[in-house]
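Participant: next one to model:
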Amino acid sequence: MTSDPKQSRGYRNCNPGNIEHNPANKWQGLADPPLEPAPLNGSRRRFARFVSHEYGIRALAVLLTTYQDRHGLRTIRGIVSRWAPGNENDTDAYIAAVARRIDRNQRAELNLHRFEDLRPLVEAIIVHELGGNPYRAATIDAGLRLAGVVPSGREAVARNDTA
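Facilitator: Numbering: from 1, shown residues only. Coordinates of the predicted model:
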């Protein structure tokens with residue numbers, strides 16, 4: 001992790017969630033190929049790259065809502081355990097950091113279709129993944145709008161998970 005989030009791989013790739021590249025996922029705004037150097041063993045590059053930070057934030061938000069909708073994960077503990085599995089991360093520390101940042105109990109239920117629950121979770125993940133938040137509020141909000149999640153009382157746009 002770097003002290004300047006704008007120097008992180010996730011920022012350079014416009015992928016603040018450090019979402020792994022999978023050719024089967026046809027994300028909106030996906031850029032090809034990822035910027036990181038090709039592995040020496042000929043395997044694929046690990047992380048996706050997006051054409052803008054807003055599309056990377058969109059992908060992060062869509063993936064989180066998928067965890068809720070398809071996998072029934074509604075708590076910080078459940079969501080982060082899937083997002084950052086223990087074989088690669090100190091998942092308990094990640095969960096604690098996210099819960100502290102959004103000032104919610106790690107077992108409290110979230111509704112990730114609500115801006116008021118999704119936005120702080122997205123921002124907390126960005127902070128953890130990039131080592132800080134390099135984004136203006138308007139950039140995060142634009143990414144959430146692309147995912148079809150807007151503040152209560154505003155009309156939501158249609159959500160389309162893929163290209």
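Participant: name the residue closest to the centre of the chain, please.
Facilitator: L60 (2.8 Å; C-alpha atoms, centre = their mean).
Participant: wait, is that residue part of a strand?
Facilitator: No - read with DSSP: H, G, I helix; E, B strand; the rest coil, L60 is helix and lies in no strand.
Participant: which residues of the protein fall in strands?
Facilitator: With strands called from DSSP state E, the chain shows them at 30-31, 49-50.
Participant: got a markdown table for those, with distance to Y94 too?
Facilitator: Every residue, glycine included, has its C-beta placed from N, CA and C. Converted to a markdown table, the strands of the chain look like this (distance: least, C-beta to C-beta, whole Å):
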| stretch | distance to Y94 |
| --- | --- |
| strand 30-31 | 25 |
| strand 49-50 | 22 |
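Participant: most packed of the ones you listed?
Facilitator: Using mean count of other C-beta atoms under 10 Å, the stretch among those with the greatest mean number of neighbours is strand 49-50 (a mean of 23).
Participant: who does that one pair up with?
Facilitator: Strand 49-50 has the following strand partners under DSSP bridges: strand 30-31 (antiparallel).
Participant: and for L73, the neighbour number?
Facilitator: 20 (other C-beta atoms under 10 Å).
Participant: next one: W27
Facilitator: The number of residues packed near W27 is 22, by other C-beta under 10 Å.
Participant: just to check, R104 is in contact with I76?
Facilitator: Yes - counting by C-beta atoms under 8 Å, R104 touches I76, with 6.4 Å between them.
Participant: identify the contacts common to those two.
Facilitator: Counting by C-beta atoms under 8 Å, 6 or more residues apart in numbering, the common neighbours of R104 and I76 are L110.
Participant: so where's the chain shaky on pLDDT?
Facilitator: Along the chain, segments meeting pLDDT under 70 span 1-2, 33-44, 153-163.
Participant: how about the helices in this structure?
Facilitator: Taking DSSP state H to define them, one finds helices in the chain at 9-12, 53-71, 76-83, 91-102, 115-130, 137-146.
Participant: thank you kindly, that will do.
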